[in-house]
Structures are given as structure tokens and as C-alpha cells.
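Undergrad: next input, structure requested:
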Amino acid sequence: MTDADSPAGNNGDGHLDDDPLLRNPRAIPLPSELPPVEPPSAGLIVQLFLVPAIIVAAVIGVYALFGRMASQEQDWRQLTSDVRSDNPHIRWRGALGLAQLLDADAQRGENSQKLSQNREIATALAGLYQELIQHNAPSEEELKQIEFLSKAMGRMEVADVMIPVLQTGIDPARNHDVRKHSLIGLAMLAGNAKDSPTLKENPELVNQLIAISKEPEPLFRHQAAYDLGLIPTPAALERLEVLLDDPDQMVRLNAAIGLTRNGNLKGEPVFAELVNEAIQWKLDPAQVRTVEEEARYFERMLMITNVLKAISELQPQLTAESKAAYEQKIELLSNSTHDAVLRTQARELLHKFKKQ
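TA: Numbering: from 1, shown residues only. The predicted model follows:
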């Protein structure tokens, strides 16, 4: 085959021709227009970044959840063990930690560990309280611990563990402050564990409270009245009706509230009386100057706000005449007070009356 018959690009000896374009690739002409560059679509970004991020976050979240649950489990067990320590500082630190854990657990709602129903925690707190209230003359520090523990116990729902200890605390032979704090703890417990048979079927406790409601000190009488309203046995309700005529206003009020809580309207005149008084008080926080005035202001605010709540509960059962009278009184109360909280509560109740 002659050179003319050789294939193009081959010089006949197997080598490529000396094509200038092959020797210099830069000499190859570029196309006049490049294809358009498009940004990545939203779908592509989601696939590349967002979906993996969500998966990673979910894995971390599950890990953190189980880690926290394990940590909480370890925490309450360790704190319960601390409460049983022979070292008083460790015991108190454990009790403080348990109370904080109970609060935090309650705030988790459906995700809580139900620590308020934990018998091991209840037994530890009750044991420490029982030990502290044995002292006839507790120190100031011990009284602070007793106050704190009584409220921690009140947050529990294990009534059969707590009530015997609190019953010991309200005995007349105990220290005055021990009795006061035990009555407060009992009220809190009765509110949290109101369906417990230990409360509903405990005539000994009811008889103790009835006896306290007859003592000369008004503080104990009004505390006992409040507690009786949370344990609505026939004997308790009968005693509350008697206490509507007590010489102390707070006792009368707590008796009326206890009856109202159980659907009894006999305490309603006590509410009307207190609303009339509150109009004359002209409550104004700016006028509070001394510690004594602050305490009195707090007491009055507590009484009137509780009365407005009780009237709100009673409202569907009131006669048209009583509703009209209350509407007028509450309007006067709203206009007379300079306390923003009280004014708001009064106006909300007025709105409820007018909607009926």
C-alpha cells in the first residue's frame, strides 16, 4: 500500500502526523457559548444537608433523653441514700436535693418519673422529719429544716407513709412551730393525695383536727379548718359549719371555703361580709411601709383573692338576687383597689357574672 493509501493521521510508520492542534491543545477553539450554570435546587439542598442534620439531631436527642433518665434515676437513689446518712450535713443536702428533684419532676408533666409517688423517697423524707420533730426545743436551724421538709412531704402522694408522721407532728405535746409546719404539710398532702383511703377513712386524723379547731390559738384553729375542708367526712363538714361562727375572721373564712369546696353554700354570707370589708381596705401596695404592714397586706390579699375564687365556684349555684348583689360589690371592689392583681381578678369575675 502506497503512502497515499495510508489512513489519515498516520504517516505510514505508525506515528501520528505532526498536527499543530495536537501539538498545542490551547490552540483548539472554544465554543462561542458555555452551557448555563444553574444553582442547586431546594430539593438537592434538603437531601444533602437538612435530612442528615435531622437524623443526627434525632440520634443525639434520643441519646440525651435516655442519658438524662438514667441520670435522674441515679440522682434520686443517691439523694435518698444521703438522707439516711449519719452525717447531718449529708442528710440535709440529700433532703434539699430531693425536694428540688420533686419540683423539677412535677414540671415535666406527662414526661415525669412520678417521683411524688415513689415510696422510697417518701420513706426517706418521713424518717428524717420524724427524727427532727422529736426535739422539744429545736434550734432555729432545725426549725428551718422542719419547715422545708414539711413542704417537701406535702408534695408527695404517698399518704400512708406521710400521714402517721404528720399526725405525730400536730400532737399538742409537740413544739408550737413543729405543729404549725405539720398542719401546713398535711394540707398540702391532702390536696395532692385527696383520693387516698388513708385520708378518706381516717377518723383518728379527723378527730385530731376537730380537737385542734377548738384550741384557743386562732392560728391553729384556722389551719385545722383549712385541713378539715380537704378531708370531707360528715364529721369534718359538721365541724366546719360550727366554725362559721368562730370569732376569728380567718377561721370563718377557711371554714366557708372548705364547705364551698364540697358544694355546701352555708359559708356564702362570710364571703359577702369580707368583700364589703375589702372595699373599705382600698388596698394599695404603694402604701406599705413596715414589715408589719407588709404582713397585714399579704394576709388581706390572701383572704380576698381566695374569696373571689370561692365566689367564682359558687356562681352557678347563686340566686339571681345574690348574683346581682355580688356584681355590684365586686364592681366597687375593682374601683376601690390600687392593687393591679386584685383589680384584674375582680374584673375577670365581673366578666364571668355578665356572661351568664
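
Undergrad: low-confidence bits of this protein, can you list those?
TA: Applying pLDDT under 70 to the chain flags the ranges 1-74, 356.

Undergrad: tell me the centre residue of it?
TA: By Cα atoms, centre = their mean, the chain has its centre lying nearest to Q107, at 5.5 Å.

Undergrad: excluding chain neighbours, what is closest to L125?
TA: Excluding the flanking residues, the one nearest L125 by Cβ to Cβ, 6 or more residues apart in numbering is M153, at 5.3 Å. In this view, the C-beta of every residue, glycine as well, is placed from N, C-alpha and C.

Undergrad: that's a helix at that neighbour, yeah?
TA: Yes. Counting by DSSP: H, G, I helix; E, B strand; the rest coil, M153 falls inside a helix.

Undergrad: send me the helix or strand hosting A122 as CSV with only the CA atoms.
TA: When secondary structure is defined by DSSP states H and E, A122 falls within helix 119-132. What follows is helix 119-132, C-alpha atoms only, in CSV (Å, rounded to 0.1, in the frame of the first residue of the first chain):
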residue,chain,number,x,y,z
ARG,A,119,-42.3,5.1,98.3
GLU,A,120,-38.6,5.0,98.8
ILE,A,121,-38.3,8.8,98.6
ALA,A,122,-41.4,9.2,100.8
THR,A,123,-40.0,6.9,103.4
ALA,A,124,-36.6,8.7,103.5
LEU,A,125,-38.2,12.1,103.9
ALA,A,126,-40.7,10.9,106.5
GLY,A,127,-37.9,9.3,108.5
LEU,A,128,-35.8,12.4,108.6
TYR,A,129,-38.9,14.5,109.6
GLN,A,130,-39.7,12.1,112.4
GLU,A,131,-36.2,12.4,113.7
LEU,A,132,-36.2,16.2,113.7
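
Undergrad: neighbouring contacts of that helix?
TA: 76-77, 80, 83-84, 91, 94-95, 98, 102, 115, 138, 142, 145-146, 149-150, 152-153, 156, 158, 161-162, 165, 168-169 (Cβ atoms under 8 Å, 6 or more residues apart in numbering).

Undergrad: helices - which of these land there?
TA: The helices, defined by DSSP state H, take in 76-77, 80, 83, 91, 94-95, 98, 102, 142, 145-146, 149-150, 152-153, 161-162, 165, 168-169 from the contacts of helix 119-132.

Undergrad: next, count neighbours for the residue nearest to A122 when sequence neighbours are not counted.
TA: Leaving aside its chain neighbours, A122 sits nearest to V158 (3.8 Å; criterion: Cβ to Cβ, 6+ apart). With neighbours defined by other Cβ atoms under 10 Å, the count for V158 comes to 23.

Undergrad: quick check, V158 in contact with L102.
TA: No. The criterion here is Cβ atoms under 8 Å, and V158 misses it with L102 at 11.7 Å.

Undergrad: what sits in contact with each of the two?
TA: S116.

Undergrad: how about the helix or strand where K309 lies as CSV, C-alpha atoms only?
TA: Assessed by DSSP H and E, K309 sits inside helix 291-314. C-alpha atoms of helix 291-314 as CSV (Å, rounded to 0.1, in the frame of the first residue of the first chain):
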residue,chain,number,x,y,z
VAL,A,291,-42.8,44.7,107.9
GLU,A,292,-46.0,44.6,110.0
GLU,A,293,-47.9,46.4,107.3
GLU,A,294,-46.5,44.0,104.7
ALA,A,295,-47.6,41.0,106.6
ARG,A,296,-51.1,42.5,107.1
TYR,A,297,-51.3,43.4,103.4
PHE,A,298,-50.3,39.9,102.4
GLU,A,299,-53.0,38.4,104.8
ARG,A,300,-55.7,40.6,103.4
MET,A,301,-54.7,39.9,99.8
LEU,A,302,-54.7,36.2,100.5
MET,A,303,-58.2,36.4,102.1
ILE,A,304,-59.9,38.5,99.3
THR,A,305,-58.3,36.6,96.4
ASN,A,306,-59.5,33.3,98.0
VAL,A,307,-62.9,34.7,98.5
LEU,A,308,-63.1,35.8,94.8
LYS,A,309,-62.1,32.3,93.8
ALA,A,310,-64.8,30.8,96.1
ILE,A,311,-67.5,33.1,94.7
SER,A,312,-66.5,32.1,91.2
GLU,A,313,-67.0,28.4,92.1
LEU,A,314,-70.3,29.2,93.8
